[in-house]
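Colleague: here's a sequence, model it:
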Amino acid sequence: MKILIVEDDVRISSFLLKGLTEAGYQVELANDGYQARDLIQAEPWDLFILDVMLPDIDGLQLAQLIRYKKITTPVLMLSALGEAEDKIKALDLGADDYLVKPFHFSELLSRINALRRRYELHYSKDQLLECGDLIVNMGSNLVERAGKVVQLSAKEFKLLIYLLENKNRIVTRTQILSNVWNTNIDTYTNVVDVYISYLRTKIDSDFADKLIKTVKGRGYMITDTQ
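Modeller: Here you go, the predicted structure:
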């Protein structure tokens with residue numbers, strides 16, 4: 001697991017870094033909310049461990065940002081605030097778990113393992129279709145690219161699934177019409193081109209690597225090879 005720890009107390013962050021690294025995790029530290037905000041959005045993570053009380057952007061605001069950005073990565077909050085309302089507030093704002101300081105390191109490991117099991121169950125490999133950093137969970141109909149949720153209509157989702165099931169293979173407009181629209185209507189209709197455009201806008205437009213390719217005179221293909 002790749003874990004981002006956001007903690008401004010050097011003693012605690014050093015303790016967490018040492019312990020989690022020894023436990024086999026890949027760990028990176030952010031000392032303040034501004035640094036954390038940039039790291040959260042810069043690359044995908046497997047777990048966020050956020051201190052609630054930070055001097056600038058606090059942990060609750062970071063949790064809100066994570067969910068606002070449609071990032072589904074689990075969030076574990078750390079805080080000296082242990083009242084029920086403090087925990088409820090954090091969970092309502094997007095946290096998945098809440099651990100009160102001081103805590104035993106063994107309990108932290110147990111919480112991390114529980115979050116990992118829950119996340120891996122949700123993203124069971126036999127339910128996934130993937131292309132590069134694009135992941136589609138067939139069980140939950142969840143589509144993500146680089147850890148960010150992509151909202152698709154039912155027809156866009158069906159088209160994407162068909163492309164992924166034929167990853168690295170060219171599919172013609174006629175094949176797409178037959179398998180996605182269940183019809184053999186006039187192959188000169190532009191409905192396929194329109195929906196491919198919709199998918200590109202939602203999946204490729206914000207990324208340098210374009211997954212959906214046009215093969216001139218033949219059709220379309222989804223591939224992570226350039």
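
Colleague: domains in the protein, by residue range?
Modeller: Following automatic domain parsing, one gets these domains for the chain: 2-122, 127-222.

Colleague: how far away is the most centrally placed residue in the chain from residue 64?
Modeller: With distances taken as C-alpha atoms, centre = their mean, residue 147 lies nearest the centre of the chain, 2.2 Å away. To residue 64, residue 147 is 16 Å away according to C-beta to C-beta, to the nearest Å. (Glycine included, C-beta is placed from N, CA and C.)

Colleague: helices along this protein, start to end?
Modeller: Here the chain has its helices, by DSSP state H, at 10-22, 33-42, 59-68, 84-92, 105-122, 154-165, 173-180, 191-203.

Colleague: with only the CA atoms kept, save the shortest one in PDB.
Modeller: Same thing as helix 173-180. This file holds the C-alpha atoms of helix 173-180, laid out as PDB (Å, rounded to 0.1, in the frame of the first residue of the first chain):
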ATOM      1  CA  ARG A 173     -18.900   1.200 -36.000                       C
ATOM      2  CA  THR A 174     -21.100  -1.700 -37.100                       C
ATOM      3  CA  GLN A 175     -19.800  -4.000 -34.300                       C
ATOM      4  CA  ILE A 176     -20.400  -1.200 -31.800                       C
ATOM      5  CA  LEU A 177     -24.000  -0.600 -33.000                       C
ATOM      6  CA  SER A 178     -24.700  -4.300 -32.900                       C
ATOM      7  CA  ASN A 179     -23.300  -4.900 -29.400                       C
ATOM      8  CA  VAL A 180     -24.000  -1.600 -27.600                       C
END
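
Colleague: now for it, which elements pack on it?
Modeller: helix 154-165, helix 191-203, strand 219-222 (3 or more C-beta pairs under 8 Å, 6 or more residues apart in numbering; DSSP states H and E).

Colleague: rerun that using 7 Å as the cut-off
Modeller: helix 154-165, helix 191-203 (3 or more C-beta pairs under 7 Å, 6 or more residues apart in numbering; DSSP states H and E).

Colleague: let me know the average pLDDT across it.
Modeller: Average pLDDT, helix 173-180: 90.

Colleague: run a quick neighbour tally on residue 26.
Modeller: 12 (other C-beta atoms under 10 Å).

Colleague: without its sequence neighbours, what residue ends up closest to it?
Modeller: Once flanking residues are discounted, residue 26 sits nearest to residue 2: 4.7 Å by C-beta to C-beta, 6 or more residues apart in numbering.

Colleague: from residue 111, how far off is the one you found?
Modeller: 17 Å.

Colleague: show me which of the two is the more surrounded one.
Modeller: Higher neighbour count among residue 2 and residue 111: residue 111, with 19 against 13, using other C-beta under 10 Å.
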